[in-house]
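1. sequence and predicted model, in that order:
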Amino acid sequence: MERSGFFNSVNGDRKYKAEDFANYFNKFITNGVFPNPSTNLQVMAGDGMNVVVKIGSAWINGYVYDNTTDLILPVDPADGVLNRIDRVVLRYDTINREIKAKIKKGTFASAPVAPSLQRDADAFELALADISIAKGIVSISQAYITDTRLNTGLCGIVNSLIQVDTTTLLNQYEAGMQAKEAQFTQDFNDWFATIQAALDGDTAGNLLNLINNHKSDKNNPHEVTAAQIGAASAAELEALQEDVETHLADYALKGIYGDNGSGTKAVTNIDTITKSGYYVTADSITIDGKTDWWLINHMHNYSAPGYAFQIASSLQSAESQYARSQINGAWSVWKKLLNKNDYDVLFQYANDGKTGIANAVTAKGVSASPTDTFSVLATKIGQISTGKKVLSGTLTSGVSSHAFSKKGGSSTVMVCPADLSYSFGFTPSYVILWGSLGNTIAVADYVGSVVREINYDYNLNNTQFPENSATLTSTGFHLPVVSGGIQYTWVVVE
């Protein structure tokens, strides 16, 4: 059928449709997006799973499309296992008589492809961009978007009369890049092969030997100076060594100036020692009632004067050692340091005491043995039927030494106290104590106004104490024991 136009109408004999004008313009204006500006209908990443189609215009089959504001298009969520590729298109719809921007959702696959374009009597589509939807993503970045506007097979640029095939240019650019990449790769491989050929077995071995020899060379082959690396010079190191030796000499065990070369110094007053070290008393000095020549080991706190500790070892008896401490300038009394022999004697006295108690309990009709523990003996003592009252319990001896008068009141001994405040309900005739270290005593009744001791700790054996020192009453007792801070078991008998 022949057609022509456009002519003026006479009495309505010439009428034209929109498609007639579209066919007319389609003859010399090609499909695609307009080239200016460069962002014309560009697809950009939006917030989350959204993309934005920028402002711009396009031409499809003689019909124009305009987007006057940024258009936000939502993208369906990603799959948790498979990938897909969605495509943003401009769709010319002949049925609905419109052109709209839409997202064509792709098919899930491990190697997905973009959905194909519809171009038939019902619709014609231009592809603006492809979106790669990787599995598990929750937002779209610009790296996921491939711009397809310059691909004339998918979209292209609007031209008048003649369409510029930008696809060929794009393909040429990509082919050139691939050729350059191949050339660079080949050039590198050729160079590396040359290096490999040069480094034969002997050469590589020699090179390794040179490296190892250089690493083991301790003679400064590069002549690096101390100043270059911030190290001390030889003179500075020598001076530092002298300072260290002086410091060590000052704080060595001998600890004092003017010693006799053997690490000790003679002193006559051990209270005046001010430096740590070993000292020998030049004259006999009395410590805890023992007059002897002593070797004094003195230790003190340099940062806190008035706090020190001394150990005195007798030069006449290897088994005599005493210790005392200085607190805030005040010296405590000397305390004997027990040795193995002391503990052996202590054990023997405790064992003899157990034997005496066991024999006495057996004599009262209750079978007892020296191998019984003191706790068992206490129970058996309570089983003795004498018509007298018996009470027992435990206490912890004091740690601060008290002065107890010795026999006749001529001298005193500094020992720890065993104090008990207890209403017995009767006046005890005697009391028995024993401790966890084996210290055992038995104190008799009053003779005159004196508490008489019967079987006591080994170094107080057969000692008597005036009433004002050791006491035993119906409301408790105050008695001397050797060890402080020790749990004692007591038994009192009416």
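-> Yes, it's here.
2. elements contacting the strand or helix carrying G356?
-> Per DSSP states H and E: G356 is located in helix 340-363. For helix 340-363, the contact count by 3 or more Cβ pairs under 8 Å, 6 or more residues apart in numbering; DSSP states H and E identifies helix 374-382, strand 430-435, strand 440-447, strand 450-455 as packing neighbours. For the C-beta atoms, the positions are set from N, CA and C on the backbone; glycine is no exception.
3. would you mark the buried spots in that helix?
-> 346, 349-350, 353-354, 357-358, 361 (16 or more other Cβ atoms under 10 Å).
4. swap in stretch 308-328?
-> Buried residues in stretch 308-328 (16+ other Cβ under 10 Å): 308-310, 312-314, 320-322, 324, 326.
5. centre of the chain versus it, how much separation?
-> Computed by Cα atoms, centre = their mean, to the nearest Å, the chain-centroid distance of stretch 308-328 equals 44 Å.
6. same question, stretch 110-117
-> Worked out by Cα atoms, centre = their mean, stretch 110-117 lies 53 Å from the chain centre.
7. which residues sit against it?
-> Applying Cβ atoms under 8 Å, 6 or more residues apart in numbering, the contact partners of stretch 110-117 are 82-87, 89, 104-107, 125-127, 130, 154.
8. could you rerun that using 10 Å?
-> 81-87, 89, 91, 103-107, 123-127, 129-135, 146, 148, 153-155 (Cβ atoms under 10 Å, 6 or more residues apart in numbering).
9. buried members of those residues into PyMOL, please.
-> The PyMOL selection below is limited to those of these classed as buried (16+ other Cβ under 10 Å):
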select buried, resi 83+84+85+86+87+89+91+103+104+106+123+124+125+126+127+129+130+131+132+133+148+154+155
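10. centroid-nearest residue for the protein?
-> S303 (31.9 Å; Cα atoms, centre = their mean).
11. could you check how far A127 is from F477?
-> A127 sits 110 Å away from F477, going by Cβ to Cβ, to the nearest Å.
12. again, but for I99
-> Taken as Cβ to Cβ, the span from I99 to F477 is 115 Å.
13. cool, A378 as well?
-> Applying Cβ to Cβ to A378 and F477 gives a distance of 16 Å.
14. which of the two has more neighbours?
-> F477 (24 against 20; other Cβ atoms under 10 Å).
15. which strand or helix spans N212?
-> helix 201-216.
16. any idea which helix or strand comes after that helix?
-> helix 226-229.
17. tell me the mean pLDDT for stretch 131-144?
-> Confidence for stretch 131-144, expressed as mean pLDDT, is 92.
18. how distant is it from the center of its chain?
-> 40 Å.
19. same thing with stretch 176-186?
-> Distance, centroid of stretch 176-186 to centroid of chain: 53 Å (Cα atoms, centre = their mean).
20. ok, back up a step: switch the buried residues of helix 340-363 over to TSV; also include pLDDT and distance to A111.
-> Below are those laid out as TSV (pLDDT from 0 to 100; distance: Cβ to Cβ, whole Å):
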residue	pLDDT	distance to A111
L346	71	92
Y349	71	97
A350	73	93
G353	75	98
K354	80	95
I357	84	99
A358	83	98
V361	82	100
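21. what residues go with each domain of this structure?
-> 18-167, 264-336, 340-493 (automatic domain parsing).
22. before I go, just wanted to say thanks for your time.
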